[in-house]
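Engineer: Return a 3D structure for these sequence lines:
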Amino acid sequence: MMVDQEPLNSIKNLTFLFGQIDMKIKLIRGSSQGTVVAYYMSSDQPNRDEIDFEFLGNVNGQPYILQTNVYAEGLDNREERIHLWFDPAKDFHTYSILWNIHQIVFMVDQIPIRLYRNHGEKGVAYPRLQPMSVQASLWNGESWATRGGHDKIDWSKGPFVASFGDYKIDACIWIGNTSFCNGESTENWWNKNEFSSLTRVQKRWFKWVRKYHLIYDYCQDYGRFNNKLPKECSLPKY
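Structural biologist: The predicted structure is shown next:
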């Protein structure tokens with residue numbers, strides 16, 4: 001397995017607290033079942049915060065699944081899955097994370113596909129204190145990634161290559177002072193009130209994704225949580 005991480009080398013020692021990250025990715029072509037391409041932010045602490053894009057491979061001719069997840073204070077189990085409306089292995093597409101004091105927005109080519117709001121005042125954990133680094137990986141997830149682990153990696157189809165192209169990071173570089181990144185300023189534009197929710201156009205796109213492309217939402221999985229869904233599931237998304 002190979003992942004082209006050359007564009008990430010210059011930022012591998014930096015951590016950030018809030019901002020926007022845009023990453024161009026082209027996924028594995030052909031038979032990719034069992035593989036997981038991941039692009040994410042992580043605090044790498046025992047009770048870590050993490051914001052994940054995970055691309056779950058599939059047998060040739062079947063669509064990739066894009067799984068997103070949020071860890072807050074070490075707790076996850078917040079997966080959502082969608083089918084993309086294009087072939088992500090044909091060309092580069094831009095996958096973005098907007099993370100601010102108000103919300104986390106996952107975007108594909110600037111279309112919002114998922115929101116996770118800061119409901120900290122209502123007792124919902126939210127990533128807000130731990131700086132995170134930007135990371136990328138390609139790994140063996142054949143025990144679960146494709147049809148619950150039914151389809152294993154076909155090693156005869158290797159090497160498996162995922163490519164990461166141009167990236168843009170406009171974020172608060174961590175210097176040990178939380179208040180420096182929490183403020184609203186020209187530099188910290190992402191914390192401004194205008195980015196506390198989606199625009200009218202973004203809301204329309206978001207509803208379109210939820211209606212036509214969403215295939216799993218932890219907030220609809222009553223069996224998994226014994227009919228006691230996490231608190232954020234009953235609170236506004238935007």
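
Engineer: How about Gly120: what's its closest non-neighbour residue?
Structural biologist: Spatial nearest neighbour of Gly120, chain neighbours left out: Tyr126 (4.8 Å); criterion: CB to CB, 6 or more residues apart in numbering. For the C-beta atoms, the positions are set from N, CA and C on the backbone; glycine is no exception.

Engineer: Could you report the separation of the residue of the chain most remote from its centre from Cys219?
Structural biologist: Largest separation from the mean C-alpha position in the chain: Ser156, at 29.8 Å (CA atoms, centre = their mean). Counting by CB to CB, to the nearest Å, the separation of Ser156 from Cys219 is 40 Å.

Engineer: Contacts for the top helix by length along the chain, please.
Structural biologist: The longest helix of the chain (DSSP state H) is helix 200-212. Here helix 200-212 makes contact (CB atoms under 8 Å, 6 or more residues apart in numbering) with 82, 85, 111-113, 115, 198, 238.

Engineer: cutoff 6 Å now
Structural biologist: Identification of contacts with helix 200-212 by CB atoms under 6 Å, 6 or more residues apart in numbering yields 111-113.

Engineer: Show me which of the residues you listed is closest to Pro63.
Structural biologist: Distance to Pro63, by CB to CB, is smallest for Ile113 among the contacts of helix 200-212, at 14.6 Å.

Engineer: in a strand, that's where that closest one is, yeah?
Structural biologist: Yes. Counting by DSSP: H, G, I helix; E, B strand; the rest coil, Ile113 is located in a strand.

Engineer: Next one, pLDDT for the residue farthest from the centre of the chain please.
Structural biologist: Per-residue confidence for Ser156 comes out at a pLDDT of 97.

Engineer: Could you list the residues in contact with stretch 13-22?
Structural biologist: Residues outside stretch 13-22 that contact it (CB under 6 Å, 6+ apart): 94, 96-100, 131, 133-134, 168-174, 181, 190.

Engineer: Let me know the average pLDDT across it.
Structural biologist: The model assigns stretch 13-22 a mean pLDDT of 95.

Engineer: ok, Lys24 - how many residues close by?
Structural biologist: Per other CB atoms under 10 Å, the neighbour tally for Lys24 reads 16.

Engineer: now Gly158
Structural biologist: 13.

Engineer: I'd like to know how far it sits from Leu84.
Structural biologist: Distance of Gly158 to Leu84, given as CB to CB: 23 Å.

Engineer: In its sheet, which strands sit next to the longest strand along the chain, and in what direction?
Structural biologist: Criterion DSSP state E: the longest strand present in the chain is strand 161-173. Its sheet considered, strand 161-173 pairs with strand 2-4 (parallel), strand 16-26 (antiparallel) by DSSP bridges.

Engineer: just the CA coordinates of the last one, formatted as PDB?
Structural biologist: C-alpha atoms of strand 16-26 as PDB (Å, rounded to 0.1, in the frame of the first residue of the first chain):
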ATOM      1  CA  PHE A  16      -3.800  23.900  15.100                       C
ATOM      2  CA  LEU A  17      -6.800  25.000  17.100                       C
ATOM      3  CA  PHE A  18      -9.700  25.900  14.800                       C
ATOM      4  CA  GLY A  19      -9.600  26.900  11.100                       C
ATOM      5  CA  GLN A  20     -10.200  25.400   7.700                       C
ATOM      6  CA  ILE A  21      -8.300  22.700   5.900                       C
ATOM      7  CA  ASP A  22      -8.800  21.900   2.300                       C
ATOM      8  CA  MET A  23      -7.200  18.700   0.900                       C
ATOM      9  CA  LYS A  24      -7.300  17.400  -2.700                       C
ATOM     10  CA  ILE A  25      -7.400  13.600  -2.800                       C
ATOM     11  CA  LYS A  26      -7.700  11.000  -5.600                       C
END
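
Engineer: Since that was my last question, I'll sign off now.
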